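In: Have a look; sequence and predicted model below, questions after that.
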Amino acid sequence: MIGHRGNSPTTTRSEPEPHSVVALIDAATRVERELVGSWLAGGGIGHEVGVDAPVTQVDLTQEAVAARLVGRRDDPLVVPVRVLWLPRERDGVRRVTFTDLALLTNPRRPHRVAQRRVVAKYPDRHRVLTGAPARLSELRANNPEASALFGKGSAEPFARAVVRAAVVALERAERTVIGDRYKVPRLVTEEILDSTDVQRRLELVADRIEASPHEVFRRAEKSLNEVVAAQSRLVSDLFTRAMRPVHASAWNVDSDESGLIALRDLNRRFPLVFLPSHRSYVDPFVLGDVLAHDDFPPNHVIGGANLSFWPMGPIARRTGTVFIRRSFGDDEVYKAVVEEYIVYLLTKRFNLEWYFEGGRTRTGKLRPPRYGLLNYLAAAIRSNRVDDIMLVPVSITYERLNELGAIATEQVGGEKKPEGLTWLARYVRSQQHSAGQVYVRFGNPLSVRDRLSAHGDPLVTPPVTIPLHQVEPTPPGPGEADTVGSATPNTSDVERRAVQRLAFEVAVGINAVTPITVNALVTLALLGIQGRALTLGEVRTTLAPVLGYIDQRDLPGGKLDALRDEQGLAVVLEQLALAKVVTVYRGGVEPVYSIVPGAHLEAAFYRNSAVHWFVNRAILELAVLAAVDSGAADALRTGWDEAYRLRDLLKFEFFFPERGEFADQMGAEMLLVDPDWYSRTRRDTLGSDILAKLSATGFMMAHRVLRSFIDAQLVVAERLAAHDPVDAIDRAAFITECVSVGKQMMLQQRLHSPESVSTELFTGALELADNYRLLERVPQDAAELRTELIQRRRKFAERLRRVGMHIGRAAALDPSNREPW
């Protein structure tokens with residue numbers, strides 16, 4: 001929009017009517033000039049903007065604007081004009097198809113000969129369009145720095161600003177015709193580099209790295225050309241049609257329409273940043289399809305440069321993908337360019353999308369978030385360059401995934417195949433089998449400004465006391481409970497924690513709308529059975545109390561009613577058998593079902609998509625068992641201490657709330673087990689009768705939900721205990737060692753869950769050990785420190801063995817693990 005007045009090309013004015021009009025003509029061919037000329041001669045300007053004044057035509061180029069507009073002494077009304085070409089209408093939609101491409105022309109930008117044919121045969125496929133007009137004085141007021149340079153004899157900066165404003169105005173006018181899904185940015189690199197703020201920042205970078213400003217500017221220009229997505233409406237249409245079969249043939253998309261309505265209203269006022277869970281390479285296509293169906297503008301999807309291989313890279317860039325390096329290192333220029341580009345998109349209210357876990361989950365549950373790009377958003381809010389940004393948690397959950405075999409192979413030490421053309425062909429082939437539903441759900445949007453303020457960011461509101469939580473910089477040691485900080489941390493700590501908490505809230509928002517799928521529940525049931533297969537009736541009996549628990553808590557679910565009758569359950573089991581996750585033996589009296597040997601990691605992936613819904617119940621079971629076994633006089637205190645210790649052990653695997661809210665959640669879990677819980681006396685609150693009540697619920701969760709994580713931690717703890725603290729820990733080699741030793745421990749039946757032998761779980765366990773300061777290296781001559789660290793490592797392993805023992809007891813109490821005869 002030229003004059004920043006609104007999206008409508010017709011403007012109501014209180015000032016005197018202008019005495020002249022300048023039509024900025026964006027025309028590339030003689031046909032377009034003829035169409036615009038005829039339109040002007042027919043009084044088009046007067047009809048569109050309600051002004052009856054002489055019209056001067058000026059080409060919409062920097063040179064023409066500099067020569068014929070910026071130096072005028074009067075105050076003409078400036079109106080950008082262009083011819084809009086439209087594809088043929090098919091099934092009520094105007095989109096480019098491969099049939100159009102076969103005719104060697106782009107219907108949105110037809111060549112000269114095609115233009116004459118379209119004008120003659122299809123008059124509904126073109127129209128003359130005007131952008132919102134503005135007085136020349138308004139343009140000068142909107143660009144004061146460029147206008148000041150014109151006063152000093154340089155017309156080019158102001159001419160560039162006018163051309164950019166005219167192009168933006170025409171783009172907005174086009175979207176009123178073709179829809180918001182075709183919103184694309186223009187002249188991005190030029191506008192960013194023309195910004196005086198950016199130029200000042202690059203000068204500071206030049207001083208810091210001791211380089212010349214000219215060299216830094218050229219590096220910034222090169223980096224921008226590498227990063228900026230050069231969106232094309234033609235490529236977007238064709239790519240969408242080409243890639244849709246990749247997921248459309250595999251899944252039926254079930255999306256949250258009510259959530260989209262609320263987001264559309266928000267998007268009229270704020271840029272949206274979609275932060276989805278990341279389980280598959282097709283996540284961006286699935287989400288993009290859902291948003292395009294509701295006419296949202298295309299997201300700028302930020303992805304890793306590892307996916308920019310030919311031909312996907314060049315095509316994806318033209319559909320809005322922004323490829324950035326996995327690591328910026330010490331490249332100050334590149335960091336500045338990426339941040340300025342993101343801020344530019346936000347200020348122009350373009351929507352963004354990235355996968356804040358940093359890569360696809362290998363376990364099925366959310367990975368710990370990465371904070372890098374969120375820091376850019378926080379910086380934009382702190383500096384008031386953006387009024388606000390709305391973060392949208394998005395859950396994308398698949399009933400089945402055809403790429404799980406490769407993921408499982410990586411988890412036991414297999415090499416990840418590099419992305420490339422051969423990989424792409426193999427991947428597309430693997431998606432040609434039906435895989436049920438994919439659920440797309442939108443969490444409650446989060447205002448970045450509000451959340452940073454609530455979390456005490458000192459540059460948004462004055463600093464406040466910040467409670468410690470899952471990501472505190474100085475965490476408690478093993479077995480210690482966390483506390484609330486009593487002093488205000490320094491500013492940088494508060495800013496960092498505010499961003500961490502923001503990421504935490506996004507993760508919680510994703511989990512809160514993630515539905516429990518039929519496959520998640522069936523694999524949850526089967527993975528908890530040790531050493532035997534189940535009949536169809538036994539599977540149904542195992543699931544029935546869990547379905548009742550889901551109903552009690554009103555948890556979101558997929559098509560769970562299919563599990564309530566034997567026919568529907570049989571279909572689910574047969575589909576898992578086709579996916580080679582469940583094996584069926586049919587040679588006896590009736591079929592029996594179990595997890596395929598060697599497919600436990602694939603089964604765990606499905607289970608883990610919903611495992612967060614059952615973690616508190618599992619912790620409750622272990623806390624009760626610890627309290628009963630302790631024989632302590634104050635069993636209640638023992639139980640609470642155990643619950644908090646387990647929360648601390650699992651803080652790198654799950655997203656726990658603050659201590660008070662966690663206590664409330666545990667109380668709610670206990671009320672589901674014992675509705676009279678709060679009426680009991682303190683002495684009898686955690687006795688053997690509570691164990692009976694837990695067993696009477698018909699299911700136990702600890703062994704199904706937590707065993708693989710605790711087993712993985714035990715492998716890491718025992719290997720640490722075997723390492724001399726004098727030697728440094730090579731993390732990559734250590735994880736490889738854990739995989740090998742974990743397989744041995746499985747063969748010795750020292751581990752009970754095959755899915756615990758996983759590089760991803762070992763990595764999380766190693767992070768926990770580092771958090772407990774168990775990876776420290778001590779000097780050769782520090783005998784006391786060496787002895788102390790050895791003891792702490794052994795205590796860590798012993799603590800995990802005790803938890804494992806309680807998990808074994810929980811499994812024994814589970815009715816489904818009792819002998820059927």
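Out: Looks like it arrived, so ask away.
In: Would you map the helices across the stretch 551-700 of the chain?
Out: 566-578, 600-608, 615-630, 635-649, 659-673, 688-696 (DSSP state H, counting those that start in this stretch).
In: And for the stretch 701-821 of the chain?
Out: Assigned by DSSP H, counting those that start in this stretch, the stretch 701-821 of the chain shows helices spanning 702-705, 707-722, 731-747, 759-771, 783-813.
In: Please apply the same query to the stretch 101-250 of the chain.
Out: Applying DSSP H, counting those that start in this stretch to the stretch 101-250 of the chain gives helices spanning 112-121, 136-142, 144-151, 156-178, 188-194, 196-209, 213-227, 233-248.
In: got JSON lines for the ones you listed, with mean neighbour count too?
Out: Using the backbone N, CA and C atoms, a C-beta is placed for each residue, glycine as well. Shown next, in JSON lines, are these (neighbours: other Cβ atoms under 10 Å):
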{"stretch": "helix 112-121", "mean neighbour count": "14"}
{"stretch": "helix 136-142", "mean neighbour count": "18"}
{"stretch": "helix 144-151", "mean neighbour count": "14"}
{"stretch": "helix 156-178", "mean neighbour count": "21"}
{"stretch": "helix 188-194", "mean neighbour count": "18"}
{"stretch": "helix 196-209", "mean neighbour count": "15"}
{"stretch": "helix 213-227", "mean neighbour count": "17"}
{"stretch": "helix 233-248", "mean neighbour count": "18"}
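In: who's in contact with Val36?
Out: Contacts for Val36 (Cβ atoms under 8 Å, 6 or more residues apart in numbering) come out as 23, 25, 27, 57, 81-83, 128.
In: contacting residues for Pro368?
Out: Counted by Cβ under 8 Å, 6+ apart, Pro368 has contacts 357, 652, 764, 767.
In: Excluding chain neighbours, give the residue nearest to the third one in space.
Out: With sequence-adjacent residues excluded and distances taken as Cβ to Cβ, 6 or more residues apart in numbering, Gly764 is closest to Phe652, at 4.9 Å.
In: tell me the contacts of that neighbour?
Out: For Phe652, the contacting residues are 368, 764-765, 767-768, 771, by Cβ under 8 Å, 6+ apart.
In: Determine how far the last residue of stretch 39-56 lies from the first.
Out: 14 Å (Cα to Cα, to the nearest Å).
In: OK, contacts around Gly46?
Out: Neighbouring residues of Gly46 by Cβ under 8 Å, 6+ apart: Asp52.
In: Using the three-state scheme, assign it.
Out: The local conformation at Gly46, judged by DSSP: H, G, I helix; E, B strand; the rest coil, is helix.
In: Redo the helices of the stretch 551-700 of the chain as JSON lines? Include mean neighbour count, distance to Leu775 and mean pLDDT.
Out: Below are the helices of the stretch 551-700 of the chain laid out as JSON lines (neighbours: other Cβ atoms under 10 Å; distance: least, Cβ to Cβ, whole Å; pLDDT from 0 to 100):
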{"stretch": "helix 566-578", "mean neighbour count": "17", "distance to Leu775": "39", "mean pLDDT": "94"}
{"stretch": "helix 600-608", "mean neighbour count": "27", "distance to Leu775": "26", "mean pLDDT": "95"}
{"stretch": "helix 615-630", "mean neighbour count": "24", "distance to Leu775": "26", "mean pLDDT": "94"}
{"stretch": "helix 635-649", "mean neighbour count": "21", "distance to Leu775": "16", "mean pLDDT": "93"}
{"stretch": "helix 659-673", "mean neighbour count": "15", "distance to Leu775": "26", "mean pLDDT": "94"}
{"stretch": "helix 688-696", "mean neighbour count": "16", "distance to Leu775": "37", "mean pLDDT": "85"}
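In: Please identify which of those helices is closest to Arg750.
Out: With respect to Arg750, and counting by Cβ to Cβ, the nearest of the helices of the stretch 551-700 of the chain is helix 600-608 at 16.2 Å.
In: Report all helices and strands that the closest one contacts.
Out: For helix 600-608, the packing partners by 3 or more Cβ pairs under 8 Å, 6 or more residues apart in numbering; DSSP states H and E come out as helix 404-411, helix 518-527.
In: quick one, what contacts Trp85?
Out: 107-110, 115, 118, 125-126.
In: Can you tell me which of these lies closest to Val803?
Out: Nearest to Val803, judged by Cβ to Cβ, of the contacts of Trp85 is Arg108 at 62.0 Å.
In: Surely that closest one and Leu86 touch.
Out: Yes - if you go by Cβ atoms under 8 Å, Arg108 and Leu86 touch, sitting 7.4 Å apart.
In: Report the beta-bridge partners for Arg127.
Out: Counting by DSSP bridges, Arg127 forms beta bridges with Leu84.
In: my guess is Arg349 contacts Phe270, does it?
Out: Yes - taking contacts as Cβ under 8 Å, Arg349 lies within contact range of Phe270: 7.4 Å.
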